[in-house]
Structures are given as structure tokens and as C-alpha cells.
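In: Give me a 3D structure for the following:
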Amino acid sequence: MHAATLSRKNKEHMQRRHFLSASAALLLPQFAFSQSGSPLFNGKDLSGWHVVDGPESAFYVADGAICASPMAGWPTWISTDRQFENFDLRLEFFVAGWCDGGVYFGAPEHGVPSRCGYKINIFHAQDETPATNSMGAIFPVIAPKKVNVKSKGAWNTMRIRFDWPKLQVWVNDELVQDVDVTTNPELAHRLRRGYIGFVPLGYGHKFRNITIQELPSTDKWTVLYEKPEDIDAKWLITDNSERAPVRFAGYGPVLWCDGSGNLGTKEMYDDFELHLYIRGPIEHNSGVIFRANGEPTSVAGKYEVQVHNVAEAHYPTGSLYHYKRARYPQIEDEKWYLFQMAAKGKDCWVRINGETVLEYDSLKNLKPGRIELQAHRPGKWVEFKHIWVKPA
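Out: Reported below is the predicted structural model:
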């Protein structure tokens, strides 16, 4: 009898424990940290990371964390060696008093990460009215739903889940961002694939327990140039000057040109999005031509996006030549910049280093044509790299 009673009590006790465990599981927030994901930082050294726009001394490892030194002032940041597209990123960050900085993702190879890609802001203040520079903001575009930061010498958690176009951010287990980036014109055309990193703005940031789970890729590009062999495989000379013959040459990942003439794709494109990096010397003159018919002497029916780094020129970099002047972008001589453009039906847009510098809605030639790279001013070389195209 006694044994039976104990058995029944044990059974009832186990049932109560099971019920309480199940209830607790139901009460857990859906965004609670899981154990999935791979380490992005080994806790011992900076293997897999590199410093951008700053000295090697800007970052170091101590007590299992990536730490920013006083040498890590703007624009210095630390970047992963790899690029990532869709992912679920989890990390801890330390805040002690006044602190400003952030987490980059979708960061470009060249250019300002917070304009070409995304920055989730880190700030110490517990703002009652969230702003676009508050803790958890998609800086400087979208304020967080609420501000939740522990700033008096404490570790905080952050989770960033980017499964384009959906972007979600949690800070200390509270959802602070839940957006479709395509619904915001400031975010819709930012890079979907890029580097992840931390920018400390000169403050003593610390980051640890950094893990990432990669999600399926959804951004499909066709490579037009990544290596010299791509020139013969995918391109042909479509215009050439007898006075100053054009020269296009591949030097590893860089496509170099000089002289006067055009290099055009073998494929024809009507609606497309184009991605590449460009650099040139002072007062270079070049262009990206689209919907071209490939006839050297014909101008009618083709469009040219100007590449001309003269701020007060009639048609500076980013302009649709003959049709609309661009707002001059933030670029520098002999430095790489990100060039993005798209043409869809009558509409086209151009972005330079993450800024939309031109929008035009009156294209008349809607027929497929070549994409061409132009060399226009002999003696003023221009270089291109990472040239990709996809349907718009």
C-alpha cells in the first residue's frame, strides 16, 4: 500500500513537472536565442577578421571578446573575411557609459557600409522616444520599436535575422525591428550580400559569443567579369577609334581600359540590374551604356550613364547623358566606388556609393541591347571589377 502510494505520488509529480515544463516552453519568446549557428569568432584571436580603414592596433582580443582600442576612430571598423547574404546572427556587446557605434552587414568591398549596406545602431541612451539614431535603429533610416539597452557596465544581446526582404532585430530578447526593406526607398536597393562587421567610432566596444546561421541564398546574379578569361567569353569590342584604339585588359579581378571605344556584352538585356565597382584618375571620362544596338556609329536608341568625376560638369558621374543630370556623388579620384543601376521598362535609377543620384522615368527605347563599358578619354584609364547582372 505504501509502495503503491509512493508510486502514484511520483507519477503525479512527474506529470506536474512535465506540465510546468511545457507551459514554460510555450511562454518562451519566439526570438529566444537557440544553440544553432556556427562561431564567427573563435574567442582567441582575429582569425577570419580584418581591420578596414585603420591600423592593425585598432582591434584586439581580450577575455574572449573582440575589443576596440583608442585607435579605432571613424571610419575604422573590423570586418569578416567572408561575405554573407541571408543569415541569422547572434552576439553580445558590452556597454559602459557613453557609447556609440554599431553592427554592419551587407557592407561593400569599397564604400560606406551604412549607406551601401546596413548598420544596426549601438547607443547607450535609453531614449523614451525612439529615433533613427537610437539603440537598435537601422541607422539612420528607421527608428526601433523601443529602446532596450543596459548601459551601466553590462553585456547586452543582439540578434539580427536577415532573410531578404525581411529584416528583424532583437535587443535583449525584445523585437525592435521587423521590416520589409523593399517598402522603404532608402533600403530597397542596398546590398543583399556583403561583409559583417563592427564600427566603434572611437569608443571601447566589446563583442563576444558571435555566431551565425546561414540561410538559403535568394540573390542570383550572372557574372560578367571576375577574371581575364571572362573578356573573350562574354564581351566583344563594339566601337573603336582609329585615332586612339581602345584597349581593354584583365589584370586578375580588375578590368582595365584606355583609349577610345566600347566593350559590349555578347548577351542582350532589356530590363536588368547591374552591379560593379569603378575607379579612375582625376578628370577621367567613361560611361556605362545600355540598350545599345552594337553599331559603332549609331547613337540613337542607346543610353549612357556618365562616369566623369568632375563635380560641376554638365553631366557628371551618374547622369543619364543627354537626358538628366545627376546629383554629384561622394567619390574620390583613384578610389573605388560602388556603382549600381537598373533599367525596367521606362524607368531607371543609378546609385553611387549607396546614394541614389539619378531617377528617370521616360526611357523610350525598350528593346533589348548590349551593356557596354566605355573608354572615352585617351590617357585617362578607368578600371572596373565585380561586374554582375541580373533581371530587374
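In: now what about the helix or strand containing residue 232, what contacts it?
Out: Residue 232 is part of helix 229-234, with elements assigned from DSSP states H and E. Residues outside helix 229-234 that contact it (CB atoms under 8 Å, 6 or more residues apart in numbering) are 223, 224, 225, 248, 250, 255, 263, 265, 266, 267. From N, CA and C alone the C-beta is placed, and that goes for glycine too.
In: Let's have those residues in a markdown table, adding distance to residue 175, neighbour count and pLDDT.
Out: What follows is the contacts of helix 229-234, written out as a markdown table (distance: CB to CB, whole Å; neighbours: other CB atoms under 10 Å; pLDDT from 0 to 100):
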| residue | distance to residue 175 | neighbour count | pLDDT |
| --- | --- | --- | --- |
| 223 | 37 | 12 | 98 |
| 224 | 40 | 24 | 98 |
| 225 | 41 | 25 | 98 |
| 248 | 50 | 19 | 98 |
| 250 | 47 | 18 | 98 |
| 255 | 44 | 26 | 98 |
| 263 | 48 | 26 | 97 |
| 265 | 44 | 23 | 98 |
| 266 | 48 | 13 | 97 |
| 267 | 44 | 14 | 97 |
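In: Now for the residues you listed: which two are most distant?
Out: Within the contacts of helix 229-234, 250 and 267 form the most distant pair, 18.4 Å apart (CB to CB).
In: what about the nearest residue to residue 323 once chain neighbours are set aside, neighbour count?
Out: Here the nearest residue to residue 323 in space, its sequence neighbours aside, is residue 360; by CB to CB, 6 or more residues apart in numbering that works out to 6.3 Å. For residue 360, the count of nearby residues is 18 (other CB atoms under 10 Å).
In: What residues does residue 360 make contact with?
Out: Here residue 360 is in contact with 320, 323, 324, 347, 348, 349 (CB under 8 Å, 6+ apart).
In: Pretty sure the second one sits against residue 303.
Out: If I follow you right, that is residue 323. Yes - using CB atoms under 8 Å, residue 323 is in contact with residue 303, at 7.5 Å.
In: Can you pick out the residue with more neighbours from the two?
Out: Per other CB under 10 Å, whichever of residue 323 and residue 303 has more neighbours is residue 303, with 21 against 15.
In: just to revisit the earlier point, mind checking which of the contacts of helix 229-234 are in strands?
Out: 223, 224, 225, 248, 250, 255, 263, 265 (DSSP state E).
In: give me the beta-bridge partners of the first one?
Out: On DSSP bridges, the residues paired with residue 223 through beta bridges are residue 388.
In: Reformat the contacts of helix 229-234 into JSON lines and put distance to residue 217 next to each item.
Out: Formatted as JSON lines, the contacts of helix 229-234 follow (distance: CB to CB, whole Å):
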{"residue": "223", "distance to residue 217": "15"}
{"residue": "224", "distance to residue 217": "19"}
{"residue": "225", "distance to residue 217": "21"}
{"residue": "248", "distance to residue 217": "31"}
{"residue": "250", "distance to residue 217": "27"}
{"residue": "255", "distance to residue 217": "25"}
{"residue": "263", "distance to residue 217": "29"}
{"residue": "265", "distance to residue 217": "24"}
{"residue": "266", "distance to residue 217": "26"}
{"residue": "267", "distance to residue 217": "22"}
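In: Now do the helices in the stretch 51-200 of the chain.
Out: Using DSSP state H, counting those that start in this stretch, the helices found in the stretch 51-200 of the chain span residues 113-116.
In: in it, what spans have low per-residue confidence?
Out: Low-confidence segments of the stretch 51-200 of the chain, defined by pLDDT under 70, are absent.
In: Which parts of it are strands?
Out: 59-62, 65-68, 77-84, 87-96, 100-107, 118-123, 152-163, 166-171, 174-180, 194-199 (DSSP state E, counting those that start in this stretch).
In: can you redo those strands as TSV with mean neighbour count?
Out: Listed next are those as TSV, based on neighbours: other CB atoms under 10 Å:
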stretch	mean neighbour count
strand 59-62	16
strand 65-68	22
strand 77-84	19
strand 87-96	19
strand 100-107	25
strand 118-123	24
strand 152-163	16
strand 166-171	21
strand 174-180	17
strand 194-199	25
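In: possible to save those strands as a markdown table with distance to residue 274?
Out: Formatted as a markdown table, those follow (distance: least, CB to CB, whole Å):
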| stretch | distance to residue 274 |
| --- | --- |
| strand 59-62 | 34 |
| strand 65-68 | 35 |
| strand 77-84 | 19 |
| strand 87-96 | 25 |
| strand 100-107 | 18 |
| strand 118-123 | 21 |
| strand 152-163 | 23 |
| strand 166-171 | 24 |
| strand 174-180 | 24 |
| strand 194-199 | 17 |
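In: And these: which comes nearest residue 52?
Out: Of these, nearest to residue 52 by CB to CB is strand 77-84, at 5.1 Å.
In: quick one: contacts of that closest one?
Out: Strand 77-84 has contacts (CB under 8 Å, 6+ apart) with 40, 46, 48-54, 58-59, 66, 68, 72, 104-105, 107, 113, 193-200, 212, 214.
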